[in-house]
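Trainee: build me a model from this:
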Amino acid sequence: MPRVLINVHSFLQDFNPSKFIVYASLLAFSILFSLRLDERITISYWLVFLPLWIWKTIAILGAVTGCVVWIRNPEYRVSVTSYVHFKSMLISILLQLFLLTFEILACDKLESGRHTWTLTFTPLIFLSLVSISACVWSMKNGQAIELEFFAAVNILQFALIALKLDNFINWSWMVVFVPSWIFLCFVVVIILYAMIFAAILLRSPEAATEQRRASIYSASSWSLIFLPILMFMVVLTSKLDSPPNIPPPGYVVTFLPLFLTLMILIRTSFGSKMGSLWWFGMRSDFCTFLLAICPCLREYGNTSFIMSSRFGDTVADSADVLNQRNSNSQNTTSVTTSTSGGVRLPSDVERLSLRYQPESSTKRLLHSISRAFHREKHGQTDSKDEEIGRENLGPKLKIDTPD
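Mentor: Numbers count the residues shown, from 1 in each chain. Next up is the predicted model:
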């Protein structure tokens, strides 16, 4: 089994809760919306839009909390970076309020049909116009742009969809989606360029390993995200333009590539830094904020696992690593240390290593329990394990009691 490093601290430190909430809400909404369009469920559209209401509620609460913390703590305004992040939060919540207005009008239109689609899409037009200025400001100040860029490049697409739904134009959906086709073709060209660049770096001996890995990751991630979207647009256009005598596929089948894209984006939210640091007044990344309000998680947030098991699993702390080095050096047994601080024992016994602070009494107790379970499971122990246990593990099983 190949060695796999799982670092909990890095996993949490790179987690972006904002993106996770957005992509998870969109995935839940798209599933409910496709089921409702296929009439597999008959619930109200107000319930179908419930994931989007949750997303906007969390965003509004986060912005209000950030503004309260900003007002009540003048010392936080000294840094220029704080100003930039705070303005980024205000711009983001403004755009999301435009989006919330569109969602309310769209839900009411689907439920009652009391107004036109042109009126429904009007907030999106204003959203696109504001997003153009937001993109310029974000690029000048080094802020991430996702919603702003998506809205800015689709202003013409929003207008054409509204006119088509109100029957002001009689074009086919293939023609209506021309702005999206142009944008997707541009993205495909970028993906091809990234793939060619990654192949060149892979064959280049002068390129560093990290540079090769980053180029391959960039090309593969862009491909996995945008190619399903392209497939979704093709299937959706075919369904909307299908002749009456040919039964089109259901909306659930049509939305499957979109589901795949959203699931991939949810996974990428665990590897991207947080945008504005003023949501809920955190002023730091989510991992640091979480460990600050929950001190009991600090002990487990600094844990890393090295999964590499062939015959059995053992658990070793950082003190065991030092003792194993001393014992194995006396027996002329080589031990290699990984860059993450874990230890790889001789090749005949592959192990699962858990690294943590040696002064933790709770982890020492878990360590002893895991070793006892391992010995009962296999019925015998390795001679090196017995030697390490007799010489080194005995004193560490003592549990310190508070004074």
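
Trainee: just for the chain, where's the confidence low?
Mentor: 1-14, 273-275, 286-288, 290-291, 295-403 (pLDDT under 70).

Trainee: hey, where'd the strands end up in it?
Mentor: 4-7, 304-307, 336-337, 343-344, 353-355 (DSSP state E).

Trainee: you'd agree residue 263 is up against residue 27?
Mentor: Yes: Residue 263 lies in contact with residue 27 (C-beta atoms under 8 Å); the separation is 6.6 Å. Every C-beta, even on glycine, is put in place using the N, C-alpha and C of the backbone.

Trainee: counting neighbours, go ahead and name the busier of these two.
Mentor: More crowded of residue 263 and residue 27, by other C-beta atoms under 10 Å: residue 27, with 18 against 14.

Trainee: residues near the spatially closest residue to the more buried one that is not a sequence neighbour, how many?
Mentor: Nearest residue to residue 27, sequence neighbours excluded (C-beta to C-beta, 6 or more residues apart in numbering): residue 262, at 4.1 Å. Neighbours of residue 262 under the rule other C-beta under 10 Å: 24.

Trainee: residues touching residue 262, list them.
Mentor: Residue 262 sits next to 23, 26, 27, 30 when contact means C-beta atoms under 8 Å, 6 or more residues apart in numbering.

Trainee: relative to residue 94, how far out is it?
Mentor: 24 Å (C-beta to C-beta, to the nearest Å).

Trainee: likewise for residue 64?
Mentor: According to C-beta to C-beta, residue 64 and residue 94 sit 13 Å apart.

Trainee: repeat for residue 246
Mentor: As defined by C-beta to C-beta, residue 246 lies at a distance of 45 Å from residue 94.

Trainee: same thing with residue 104?
Mentor: 16 Å.

Trainee: looking at the two, which is more packed in?
Mentor: Remark: of residue 104 and residue 94, residue 104 carries more neighbours, 17 against 14, as counted by other C-beta under 10 Å.

Trainee: from what I see, residue 126 and residue 98 are in contact.
Mentor: Yes: in this structure residue 126 lies within contact range of residue 98 using C-beta under 8 Å: 5.8 Å.

Trainee: the two: which is more packed in?
Mentor: When residue 126 and residue 98 are compared for neighbours, residue 98 comes out ahead with 20 against 15, by other C-beta under 10 Å.

Trainee: was I right to think that one contacts residue 123?
Mentor: Yes: if you go by C-beta under 8 Å, residue 98 and residue 123 touch, sitting 4.9 Å apart.

Trainee: which parts of stretch 137-151 are buried?
Mentor: Buried residues in stretch 137-151, counting neighbours by 16 or more other C-beta atoms under 10 Å, are found at 138, 143, 144, 145, 147, 148, 149, 151.

Trainee: got a list of what the fifth one touches?
Mentor: When you say that, I think you mean residue 147. Residues near residue 147 by C-beta under 8 Å, 6+ apart: 92, 95, 96, 99, 131.

Trainee: against residue 40, how distant is it?
Mentor: Distance of residue 147 to residue 40, computed by C-beta to C-beta: 30 Å.

Trainee: also residue 293?
Mentor: Per C-beta to C-beta, residue 293 is found 42 Å from residue 40.

Trainee: so these two - more neighbours on which side?
Mentor: Higher neighbour count among residue 293 and residue 40: residue 40, with 11 against 8, using other C-beta under 10 Å.

Trainee: once you drop chain neighbours, what's closest to that one?
Mentor: In space, residue 40 is closest to residue 252, 7.4 Å off (C-beta to C-beta, 6+ apart).

Trainee: burial check on the residue nearest to residue 99 when sequence neighbours are not counted, number of neighbours?
Mentor: Spatially, and ignoring its direct neighbours in sequence, residue 99 is nearest to residue 127 (6.2 Å; C-beta to C-beta, 6+ apart). Neighbourhood size, residue 127 [other C-beta under 10 Å]: 27.

Trainee: just checking, residue 127 touches residue 151?
Mentor: Yes: the pair residue 127 / residue 151 is scored as a contact, 5.0 Å apart, by C-beta under 8 Å.

Trainee: please, where are all the helices along the stretch 101-250 of the chain?
Mentor: Secondary structure of the stretch 101-250 of the chain (DSSP state H, counting those that start in this stretch): helices at 117-120, 122-140, 147-153, 155-165, 173-176, 178-203, 209-240.

Trainee: mind listing what's buried in the first one?
Mentor: Okay, so that is helix 117-120. Using 16+ other C-beta under 10 Å as the test for burial, helix 117-120 gives 117, 120.

Trainee: what is that helix packed up against?
Mentor: Counting contacts by 3 or more C-beta pairs under 8 Å, 6 or more residues apart in numbering; DSSP states H and E, helix 117-120 packs against helix 80-112, helix 155-165.

Trainee: can I get those in a markdown table with distance to residue 72?
Mentor: Formatted as a markdown table, these follow (distance: least, C-beta to C-beta, whole Å):
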| stretch | distance to residue 72 |
| --- | --- |
| helix 80-112 | 13 |
| helix 155-165 | 38 |
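
Trainee: the ones you listed: which one's closest to residue 201?
Mentor: For those, proximity to residue 201 was assessed by C-beta to C-beta; helix 80-112 is nearest, at 33.0 Å.

Trainee: counting contacts, what elements does the closest one pack onto?
Mentor: Helix 80-112 sits against helix 45-48, helix 50-72, helix 117-120, helix 122-140, helix 147-153, with contacts defined as 3+ C-beta pairs under 8 Å, 6+ apart.

Trainee: reformat those as a markdown table; add distance to residue 214.
Mentor: Output for the helices and strands packed on helix 80-112, formatted as a markdown table (distance: least, C-beta to C-beta, whole Å):
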| stretch | distance to residue 214 |
| --- | --- |
| helix 45-48 | 40 |
| helix 50-72 | 31 |
| helix 117-120 | 42 |
| helix 122-140 | 22 |
| helix 147-153 | 22 |
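
Trainee: understood, closing this out.
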